[in-house]
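Asks: Following is a predicted model, sequence given first.
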Amino acid sequence: MSLSVAIRHSFGNVTVDAAFDAPEGVTALFGRSGAGKTTVANAVAGLLRPQSGRIVLQGRVLLDSGRGVNLPPHHRRIGYVFQEGRLFPHLSVRGNLAYPGRFAGRRPPAAEFDRVVGMLGIGDLLDRQPQRLSGGEKQRVAIGRALLSAPEALLMDEPLAALDAARKEEILPYLEALRDEARIPILYVSHAMDEVARLATTLVLMSGGRVLRAGPAAELLADPELAPMIGLRDAGALLSGRLTRHHPDGLSEVAVSGGPLFLPHVAADPGTALRIRIEAQDIILSRNRPEGLSALNILPATVTAVHSGEGPGVMIQLRTGDEMLLARLTRRSAEALALVPGTPCHAVVKSVAVARGNVGRAKND
Ligand SMILES: Nc1ncnc2c1ncn2[C@@H]1O[C@H](COP(=O)(O)OP(=O)(O)OP(=O)(O)O)[C@@H](O)[C@H]1O
């Protein structure tokens, strides 16, 4: 199951020239405003006919400019979710959900309807009209409607951008479940790194109309050379772990390959697989194992790369267990500690530095 995209399109002197593969899971198209994300998404949706390109979904050719193939949007079998839910205002939630079935000439089987409604937690909303839904509820219905069209891929264009932080946090677990349960590629357009770090399994970094890098999200997010492009304040690597237990003082303990991590309470059962984003600016490095320190998380690590930019800062990549971390230090500190590839050290992370939104679910295998 995959979506393969290669397009080239010029708007006057601006050219978008992008190629990548989106396998099952969430492929995040990330980049600053004007990077070319919407152009790619529109070409995939069939809303823009690129001057040249080839787009193939599960072996079906959606676009092949060389052979004059360009399927219209409604024949592409792609479900769309946009920034605002775009629900039909005159239909109830149930009516909105049933709509794609009518459109495709079939109704989704009742079991499928119940499964999607259950997964998105919208069972209590079925008889409401869209104007009586919150922004987050509207988005969940919009996702449900897209899923019930039995799509072979989902395209989500900034689906959380119009929501405040609390509504975003409410909807992210549903998107995580979708990522891990729907066995289709999900193309997720966003310029918000917190969402991307939470959801992406594959990352396509775009800049100036081109794909700078594409690959597994955990690998790209731990690459110090890409940090300036991601944004130094947003840089941070992902750790995967398993919740081991909740402590009576409110901390949750998570086993990551480098050791135990103590985090502010994580609302999940022991055994749950998690992914944790540790922001590069929240790590302190020490050559010796620090003692008499308030921080609870001290992970033994080895420096694997040091990347200096133009400013006073450096990005240090570290291995802890079998995973990577990124730490942002001043050049002065890195020199004082003589940090070079191979240097053993300790990565110190304050528990409270790990924001709740940086702890998400991962696929349970
Ligand atoms: N219809 C158009 N006419 C002229 N230039 C365009 C048109 N659409 C897009 N562009 C240009 O193409 C480039 C890519 O735009 P695009 O909308 O794909 O970027 P984006 O990454 O989606 O940005 P944003 O996050 O702001 O939506 C930009 O330089 C933009 O100005």
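Replies: Alright, I've got the coordinates. Treat the numbers as computed from the prediction; the structure is a model and nothing was measured. Numbering: from 1, shown residues only.
Asks: what's the next secondary structure element after the helix or strand bottoming out on mean pLDDT in the chain?
Replies: Averaged element by element with mean pLDDT, DSSP states H and E, the chain has its least confident helix or strand at helix 93-103 (a mean of 75). Where DSSP states H and E defines the elements, the next helix or strand beyond helix 93-103 is helix 110-120.
Asks: Packing partners of that next one?
Replies: In this structure, helix 110-120 makes packing contacts with helix 93-103, helix 135-147, helix 165-181, judged by 3 or more CB pairs under 8 Å, 6 or more residues apart in numbering; DSSP states H and E. C-betas here are computed from N, CA, C, even on glycine.
Asks: buried stuff in the longest one?
Replies: Residues of helix 165-181 classed as buried: R167, K168, E170, I171, L172, Y174, L175, E176, L178, R179, D180 (neighbour count, 16 or more other CB atoms under 10 Å).
Asks: Please save the CA atoms from it in CSV.
Replies: Backbone C-alpha positions of helix 165-181 (Å, rounded to 0.1, in the frame of the first residue of the first chain) are rendered in CSV as follows:
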residue,chain,number,x,y,z
ALA,A,165,-4.2,23.8,21.8
ALA,A,166,-6.8,22.1,23.8
ARG,A,167,-8.9,21.0,20.8
LYS,A,168,-5.7,19.9,19.1
GLU,A,169,-4.8,17.7,22.0
GLU,A,170,-8.3,16.2,22.0
ILE,A,171,-8.0,15.2,18.3
LEU,A,172,-4.4,14.0,18.2
PRO,A,173,-5.1,10.6,19.8
TYR,A,174,-7.6,9.9,17.1
LEU,A,175,-5.1,10.7,14.4
GLU,A,176,-2.6,8.4,16.1
ALA,A,177,-5.1,5.6,16.1
LEU,A,178,-5.8,6.2,12.5
ARG,A,179,-2.1,6.2,11.6
ASP,A,180,-1.7,2.8,13.4
GLU,A,181,-4.9,1.1,12.4
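Asks: Can you name the residues in contact with the following helix or strand past that helix?
Replies: On the C-terminal side of helix 165-181, the closest following helix or strand by DSSP H and E is strand 185-190. For strand 185-190, contacts defined as CB atoms under 8 Å, 6 or more residues apart in numbering pick out 1-3, 22-30, 37-38, 40-41, 44, 57, 153-161, 178-179, 195-196, 199-200.
Asks: thinking again about what came up before, turn the helices and strands packed on helix 110-120 into CSV, including distance to L325.
Replies: Rendered in CSV, the data for those read as follows (distance: least, CB to CB, whole Å):
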stretch, distance to L325
helix 93-103, 43
helix 135-147, 32
helix 165-181, 22
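Asks: among these, which is nearest L48?
Replies: With respect to L48, and counting by CB to CB, the nearest of the helices and strands packed on helix 110-120 is helix 135-147 at 19.5 Å.
Asks: So for that closest one, mean pLDDT?
Replies: When pLDDT is averaged over helix 135-147, the result is 89.
Asks: how about the CA coordinates for it, as PDB?
Replies: Output for helix 135-147, consisting of C-alpha atoms alone and laid out as PDB, is shown next (Å, rounded to 0.1, in the frame of the first residue of the first chain):
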ATOM      1  CA  GLY A 135     -14.100  22.800  16.000                       C
ATOM      2  CA  GLY A 136     -12.500  19.600  17.200                       C
ATOM      3  CA  GLU A 137     -15.800  17.600  16.900                       C
ATOM      4  CA  LYS A 138     -16.300  18.900  13.300                       C
ATOM      5  CA  GLN A 139     -12.800  17.700  12.400                       C
ATOM      6  CA  ARG A 140     -13.500  14.300  13.800                       C
ATOM      7  CA  VAL A 141     -16.700  14.100  11.800                       C
ATOM      8  CA  ALA A 142     -14.800  15.300   8.700                       C
ATOM      9  CA  ILE A 143     -12.200  12.500   9.300                       C
ATOM     10  CA  GLY A 144     -15.000  10.000   9.700                       C
ATOM     11  CA  ARG A 145     -16.600  11.100   6.500                       C
ATOM     12  CA  ALA A 146     -13.300  10.800   4.600                       C
ATOM     13  CA  LEU A 147     -12.700   7.300   6.000                       C
END
